[in-house]
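In: pasting the sequence and the predicted coordinates here, then a few questions.
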Amino acid sequence: MKNLQDGILIEMIKQSNHLAFHEFYQRHWEHLFLKAFSILQDSSISEDIVQDVFLEIWNRRTDLNIEKPSQYLFTCVKHAVFKVLQKEKLKERHLNALNSIDLLVQAEASMDTREIEQAILNHLDRLPERCKEIFVMSRFENMSNPEIALKLGINTKTVENQIYRALKSLKTLMPQLLAVYFLLIFEDLPIKEFGSILTLC
């Protein structure tokens, strides 16, 4: 399953293939969680959003028509995040994040991804060396949790715990900086075009 492209997995999911769905979930959940977390700074709500997105995909599997899976997932999560901000009115800083979209777009055009990555790495220097090492392998070297566990000779649960610890630490980094970083990495479309494709979700 790991060698199959997303498009093939989607076709298998449409046929109710549980293994294909599991691989699709494992392949994308962390990126989506990071996106939601970078704005909400609430791990529980971010996890719920990601779970709901994948649950909706499974429930609608027979009618799926997804040409760009990564873009589709990212759009669905962003839409869900905005709905949470609007409906729950969590905190003033969250609403400010919603109102500062234009500023983030401007920053996206002027900031270098590598500079932002370096800022994040500098922040991670405050963590224990093993925690930072695992996070870098996961986020910057695109290694899966099982691959990291095998390479370091530890169990997968330890890897997950260390990644979560790093994410909690990143909460203290400037929210706008994190938001721009995830936009630069995961965004395929300008934010101004999102309104026309939100009906996908």
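Out: Here it is on my side, so go on.

In: so in the protein, which helix runs the longest?
Out: helix 18-40 (DSSP state H).

In: which secondary structure elements does the next helix or strand after it contact?
Out: Elements were assigned by DSSP states H and E; along the chain past helix 18-40, the next helix or strand is helix 43-59. Contacts defined by 3 or more CB pairs under 8 Å, 6 or more residues apart in numbering; DSSP states H and E place helix 43-59 against helix 18-40, helix 69-88, helix 156-170. Where you see a C-beta, it was placed from the backbone N, CA and C, and this is true even at glycine.

In: ok, residue 49 to residue 80 distance?
Out: 5 Å (CB to CB, to the nearest Å).

In: between the two, which is the more surrounded one?
Out: The neighbour count for residue 49 versus residue 80, taken as other CB atoms under 10 Å, is higher for residue 49 (24 against 21).

In: ok, the more buried one touching residue 79?
Out: No: using CB atoms under 8 Å, residue 49 is not in contact with residue 79; the gap is 9.7 Å.

In: returning to that earlier point: tell me which of the helices and strands packed on helix 43-59 lies nearest to residue 136.
Out: Proximity to residue 136 (CB to CB) singles out helix 156-170 among those, at 9.0 Å.

In: the closest one versus helix 18-40: what angle between them?
Out: 20 degrees (axes from the mean of the first three to the mean of the last three CA atoms, to 10 degrees).

In: now for residue 49 and residue 80: what residues contact both?
Out: residue 36 (CB atoms under 8 Å, 6 or more residues apart in numbering).

In: which residue packs closest to residue 29, ignoring adjacent ones?
Out: Take residue 29 and drop its neighbours on the chain: the residue closest to it by CB to CB, 6 or more residues apart in numbering is residue 50, 5.5 Å away.

In: could you give the number of residues near the one you found?
Out: Neighbour tally, residue 50, other CB under 10 Å: 25.

In: what's the burial count for residue 37?
Out: 23.

In: pLDDT weak spots in the chain?
Out: 87-117, 171-201 (pLDDT under 70).

In: now with 50, please.
Out: 90, 101-102, 104-109, 176, 183-201 (pLDDT under 50).

In: ok, which of the helices and strands packed on helix 43-59 comes nearest residue 8?
Out: helix 18-40 (8.0 Å).

In: so which elements touch that closest one?
Out: Looks like helix 18-40 contacts helix 6-14, helix 43-59, helix 69-88, helix 92-99, helix 156-170, helix 175-186 (3+ CB pairs under 8 Å, 6+ apart).

In: using PDB, write out the CA atom coordinates for that helix.
Out: Taking Å, rounded to 0.1, in the frame of the first residue of the first chain, the C-alpha atoms of helix 18-40 are listed here in PDB:
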ATOM      1  CA  HIS A  18     -10.200  -0.700   4.700                       C
ATOM      2  CA  LEU A  19      -6.400  -1.100   4.100                       C
ATOM      3  CA  ALA A  20      -6.300   1.600   1.500                       C
ATOM      4  CA  PHE A  21      -8.200   3.900   3.800                       C
ATOM      5  CA  HIS A  22      -5.800   3.200   6.600                       C
ATOM      6  CA  GLU A  23      -2.800   3.900   4.400                       C
ATOM      7  CA  PHE A  24      -4.400   7.200   3.100                       C
ATOM      8  CA  TYR A  25      -5.100   8.300   6.700                       C
ATOM      9  CA  GLN A  26      -1.600   7.500   7.900                       C
ATOM     10  CA  ARG A  27      -0.100   9.300   5.000                       C
ATOM     11  CA  HIS A  28      -1.900  12.600   5.500                       C
ATOM     12  CA  TRP A  29      -3.200  12.900   9.100                       C
ATOM     13  CA  GLU A  30      -0.100  14.500  10.600                       C
ATOM     14  CA  HIS A  31       0.100  17.300   7.900                       C
ATOM     15  CA  LEU A  32      -3.500  18.100   8.400                       C
ATOM     16  CA  PHE A  33      -3.200  18.100  12.200                       C
ATOM     17  CA  LEU A  34      -0.300  20.500  12.000                       C
ATOM     18  CA  LYS A  35      -2.300  22.800   9.700                       C
ATOM     19  CA  ALA A  36      -5.200  23.000  12.100                       C
ATOM     20  CA  PHE A  37      -3.000  23.200  15.200                       C
ATOM     21  CA  SER A  38      -1.000  26.100  13.700                       C
ATOM     22  CA  ILE A  39      -4.100  28.200  13.800                       C
ATOM     23  CA  LEU A  40      -6.200  26.900  16.700                       C
END
